[in-house]
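[1] How does the following fold in three dimensions:
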Amino acid sequence: MRLEITCHDRVGIGQKVLEVFVKHGINVRGIELKETGRIFINIPDREFSELQSFMPQLRLIEGVGDVKTAPYMPSEREKNELATLIKTFPDPFISIDAKGNIRIANTVASHLMGSDQESLVGQHISLWLKGFNFNRWLDSNDALAQTRRLKFQGEDYVADIMPINVTDEGNNQVLAGAVLILKSEARLGQQMNAFKQPNESTFLGIQATSSAMRKVIREAKRMSQLDSSILIMGETGTGKELLARACHGASERAEHPFMTLNCAALPDDVAESELFGKGEKDQQDSKRGIFELADGGTIFLDEIGEMSAKLQSKLLRVIQNGSFRRVDSEQEMTVNVRIISSTNKDLLNLVSIGEFREDLYYRLNVFGLTLPALRERRSDILPLAETFIAQSAQKIGRGHLTMSDDCRDFVEHYPWPGNVRQLENVLTRAASLLEGDEIETSHLQLPAYTREHGYLEQEFEGTLDAAVKNFEADLLRKLYPAYPSTRQLAKKLGLSHTAIANKLREYDINKKTVKI
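    Predicted coordinates:
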């Protein structure tokens, strides 16, 4: 029989409770105290008449609120919960002591080892697992979590080896053994296939605490179900490819390939060959391009604003007709692909100055998504930071890493010109080189920034006058295509016609040097 006593947390109340059981000659098999003001007591089963005799006495103790029977002790539930978890775990699960001897082997592990669980207890783990020196690892001063490829019963397995540490009276960590979880190649394959299954969960990897990002995700989920082109706009490092992959994963094309091409990374002829393939007289030397490889799936064209006029023309033809020819081939190829493209440029401005085809722009931008810069979604910064730190800690086998309050405040208010990519890189580096468990602002390798004065490049060289002139020239070059008349530009900038004319002459800005 188990009793649950609700009481106030005061000195001596446990002794008063036990005195009642002693008075009635009742053997107490176990007692457990919970911080929530509850005492659980395990006693032999009693008749109802006996309960009526001593339970009222328990309620009369000062500080006791209620006494009732309980179905089980908390430790009994925890023990059975753990036992059930281990027994039903789908992968081989083995627990070893500090000397490497087996303490627990679940049903899957004992079946593969060809022995019952009781017989395996006490046997050294090295009899069953080859390829890792458990004794050396257990004897080391700092046994860190490991992920290793091992031989288990002659087959290849990936083993997660996690130390079991117990805190002693001096608050020191003492190694008590380790837990091993083994995964076969087939099991890993099943998990990867399940991970790639198309559904809305593909968007769960995108941090969307801010209202701006939640709006983007809502729109992206709807667009992913429709089979038209998507144009994703945003600064470098905002996660455009991640969003594109999520849209593909949530679409009906998810079981087909997702192919990518960075339009700025390759020379024009190489990019054309990558996209459309290359034909040869000898068929064995021919090359399939991304369009053929992605048939039925999705093509992601990153930095589409960098695509040459020649490739723009060929891409437009594929979108319109679903057909193309390989380089150096006359054979017409037909494919069925969805185009998702991205840009960090103002494509409409490129259209206006003749650097991007207007008809292609509207073909690509059937659905448009704009990813906000990280500084425009500040409520996402800390959750992203914590995710990156946790991922880094797991990769290097470290315990729980945290940021100091000062570091959290700095990270949240830094402008992050490189957006999510910069945040991830900075925190990954800091976590990897960290000696303690807390990341400080000083551990972050970043150009100086203050809220009062903004972002300052530490590598800045030159004079103030040169910096002002560079900024002035850059601004005038950007505005000149929209205001090619010196009088219009002077009015826009609040300067005299003569002043603007002199500055345009000084920086060699005219219709010959700037395309309008």
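
[2] what are the C-alpha coordinates of stretch 214-224, in CSV please?
    Once non-C-alpha atoms are left out, stretch 214-224 reads as follows in CSV (Å, rounded to 0.1, in the frame of the first residue of the first chain):
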residue,chain,number,x,y,z
ARG,A,214,5.7,33.6,-39.5
LYS,A,215,4.1,35.5,-42.4
VAL,A,216,6.8,34.3,-44.8
ILE,A,217,6.3,30.7,-43.7
ARG,A,218,2.5,30.9,-44.0
GLU,A,219,2.8,32.2,-47.6
ALA,A,220,5.6,29.6,-48.4
LYS,A,221,3.4,26.7,-47.3
ARG,A,222,0.6,27.8,-49.5
MET,A,223,2.9,28.5,-52.5
SER,A,224,4.6,25.1,-52.1
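
[3] which outside residues touch that stretch?
    For stretch 214-224, the surrounding residues in contact (Cβ atoms under 8 Å, 6 or more residues apart in numbering) are 200, 203, 206, 208, 230, 243, 246-248, 250-251, 367, 369-372. (Each C-beta comes from the backbone N, C-alpha and C, glycine too.)

[4] Could you identify the most distant pair in those?
    Ser251 and Pro372 (23.1 Å; Cβ to Cβ).

[5] more neighbours, the two?
    For the pair Ser251 and Pro372, the greater number of neighbours falls to Ser251 (23 against 17), based on other Cβ atoms under 10 Å.

[6] so how far is Val166 from that one?
    Note on Ser251: its distance to Val166, by Cβ to Cβ, to the nearest Å, is 50 Å.

[7] cool, Phe276 as well?
    In this view, Phe276 and Val166 are 63 Å apart by Cβ to Cβ.

[8] Looking at those two, which one has more neighbours?
    Neighbours were counted for Phe276 and for Val166 using other Cβ under 10 Å; Phe276 has more, 24 against 11.

[9] Make sure the more buried one is actually in contact with Lys314.
    Yes: under the criterion of Cβ atoms under 8 Å, Phe276 lies in contact with Lys314, with a separation of 6.8 Å.

[10] Give me the common contacts of these two.
    Counting by Cβ under 8 Å, 6+ apart, the residues touching both Phe276 and Lys314 are Phe324.

[11] State the phi and psi torsions of the residue nearest to Met259 when sequence neighbours are not counted.
    Once its chain neighbours are removed from consideration, Met259 has its nearest residue in Ala294; the separation is 4.1 Å (Cβ to Cβ, 6 or more residues apart in numbering). Backbone dihedrals for Ala294, given as degrees, to the nearest 10, come out at phi -100, psi 10.

[12] Mind pulling up the pLDDT for Ala294?
    The predicted local confidence for Ala294 comes out at a pLDDT of 93.

[13] Val337 is in contact with that one, correct?
    Yes: using Cβ under 8 Å, Ala294 makes contact with Val337 at a distance of 5.1 Å.

[14] For my notes, confirm Lys221 occurs in a strand.
    No: the assignment for Lys221 (DSSP: H, G, I helix; E, B strand; the rest coil) gives helix, which keeps it out of a strand.

[15] neighbours of it, just the number please.
    Neighbour count for Lys221, taken as other Cβ under 10 Å: 15.

[16] Report pLDDT for it.
    Among the per-residue scores, Lys221 holds a pLDDT of 93.

[17] Remind me which helix or strand the residue lying closest to Ser95 once chain neighbours are set aside belongs to.
    Closest residue to Ser95 in three dimensions, ignoring its sequence neighbours and counting by Cβ to Cβ, 6+ apart: Ile104, at 4.0 Å. With the criterion set as DSSP states H and E, the secondary-structure element containing Ile104 is strand 102-105.

[18] Just list what that strand packs against, helices and strands only.
    Strand 102-105 is packed against strand 93-97, helix 117-120, with contacts defined by 3 or more Cβ pairs under 8 Å, 6 or more residues apart in numbering; DSSP states H and E.

[19] Flag every buried residue along the last one.
    It stands for helix 117-120. Of the residues in helix 117-120, those buried by neighbour count under the rule 16 or more other Cβ atoms under 10 Å are Gln117, Leu120.

[20] pLDDT (mean, whole number) over it?
    pLDDT averaged over helix 117-120 gives 88.

[21] residues in contact with that helix?
    For helix 117-120, the external contacting residues (Cβ under 8 Å, 6+ apart) are Ile102, Ile104, Ala105, Asn106, Thr107, Ser110, Met113.

[22] tell me which of those residues is nearest to Lys310?
    Distances from Lys310 to those, taken by Cβ to Cβ, are shortest for Asn106, at 61.6 Å.

[23] my guess is the closest one meets Phe89, correct?
    Yes: checked against Cβ under 8 Å, the pair Asn106 and Phe89 is within contact range at 5.4 Å.

[24] what about those two, which has more around it?
    Taking other Cβ under 10 Å, Asn106 and Phe89 do not tie; Asn106 has more neighbours (21 against 14).

[25] Spit out the contact partners of the more buried one.
    Neighbour list for Asn106: Ile86, Lys87, Phe89, Pro92, Phe93, Ile94, Gln117 [criterion: Cβ under 8 Å, 6+ apart].

[26] Tell me, what's the model's pLDDT at the nearest residue in space to the fifth one that is not next to it in sequence?
    Okay, so that is Phe93. Closest residue to Phe93 apart from its sequence neighbours, by Cβ to Cβ, 6+ apart: Asn106 at 4.2 Å. Each residue has a pLDDT score; the one for Asn106 is 88.

[27] distance of Asn106 from Thr428?
    Distance of Asn106 to Thr428, given as Cβ to Cβ: 35 Å.

[28] And Glu155, by the same measure?
    Between Glu155 and Thr428 the distance, using Cβ to Cβ, works out to 34 Å.

[29] between those two, who's got more neighbours?
    It is Thr428, of Glu155 and Thr428, that has more neighbours when counted by other Cβ under 10 Å, with 16 against 12.

[30] The more buried one and Phe388 touch, don't they?
    Yes: in this structure, Thr428 is within contact of Phe388 by Cβ under 8 Å, at 6.2 Å.

[31] Show the subsequent helix or strand relative to the lowest-mean-pLDDT helix or strand in the chain.
    Ranked by mean pLDDT, DSSP states H and E, the helix or strand of the chain with the weakest confidence is strand 454-455, at a mean of 50. Where DSSP H and E defines the elements, the next helix or strand beyond strand 454-455 is helix 464-479.

[32] How far does that next one sit from its chain's centre?
    Distance, stretch centre to chain centre, for helix 464-479: 39 Å (Cα atoms, centre = their mean, to the nearest Å).

[33] Give the other helices and strands that it contacts.
    Using 3+ Cβ pairs under 8 Å, 6+ apart as the contact criterion, the secondary-structure elements in contact with helix 464-479 are helix 486-493, helix 497-506.

[34] Could you rerun that using 7 Å?
    Taking 3 or more Cβ pairs under 7 Å, 6 or more residues apart in numbering; DSSP states H and E as the contact definition, the neighbouring helices and strands of helix 464-479 are helix 497-506.
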